[in-house]
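In: Could you work out the structure for the sequence below:
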Amino acid sequence: MSKPVQYITNEQGERVGVLLDWNTYSLLANPLGLDDECLVGLSVDELKALASCKLAVNEQTRLDDLVARNAESLLCTDEVAELDDLLMKVDQLTILKTRARYTLKCLEKSKTAA
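Out: Next up is the predicted model:
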């Protein structure tokens, strides 16, 4: 097993460089990459856009209609399946938005810690 940190010295014995094992380097280079909940590879602007996105207007309108009609038990089998599909999309979108906000907070913390 390699040491996490090794130093490179000049002829006078002064430390002039450092060698890191891959895990230590990865942690320093991209601390978010070690957190499975963080969305890596996206810019801050992309994360902000994702964190604030919404369901498409036509899908939101259809969802509102299906929810209202479902409350009155007026949906046919196909519409129930469509409602379930739209609700699944909303759930997945909510998870992505939450992960984007979480990633932004982690980035903010890493900036203040540096």
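
In: pretty sure residue 7 contacts residue 14?
Out: No. Using CB atoms under 8 Å, residue 7 makes no contact with residue 14, being 9.6 Å away. Just so you know, the C-beta spots here come from the backbone N, C-alpha and C atoms, and that holds for glycine as well.

In: next structured bit after the lowest-mean-pLDDT helix or strand in the chain?
Out: Least confident element among the helices and strands of the chain, by mean pLDDT, DSSP states H and E: helix 22-29 (a mean of 74). As assigned by DSSP states H and E, the chain's next helix or strand after helix 22-29 is helix 44-52.

In: Check which helices and strands that following helix sits against.
Out: helix 77-113 (3 or more CB pairs under 8 Å, 6 or more residues apart in numbering; DSSP states H and E).

In: Would you mind getting the angle between the helix it packs on and helix 44-52?
Out: 140 degrees (axes from the mean of the first three to the mean of the last three CA atoms, to 10 degrees).

In: so what's the most centrally placed residue in the chain up against?
Out: Of all residues in the chain, the one closest to the mean position by CA atoms, centre = their mean is residue 39, 3.0 Å from it. Residue 39 is in contact with 47, 50, 96, 99, 100, 103, counting by CB atoms under 8 Å, 6 or more residues apart in numbering.

In: ok, 6 Å please
Out: 99, 100, 103 (CB atoms under 6 Å, 6 or more residues apart in numbering).

In: circling back to that earlier point, which residues are in contact with the least confident helix or strand of the chain?
Out: Counting by CB under 6 Å, 6+ apart, residues outside helix 22-29 touching it are residue 4.
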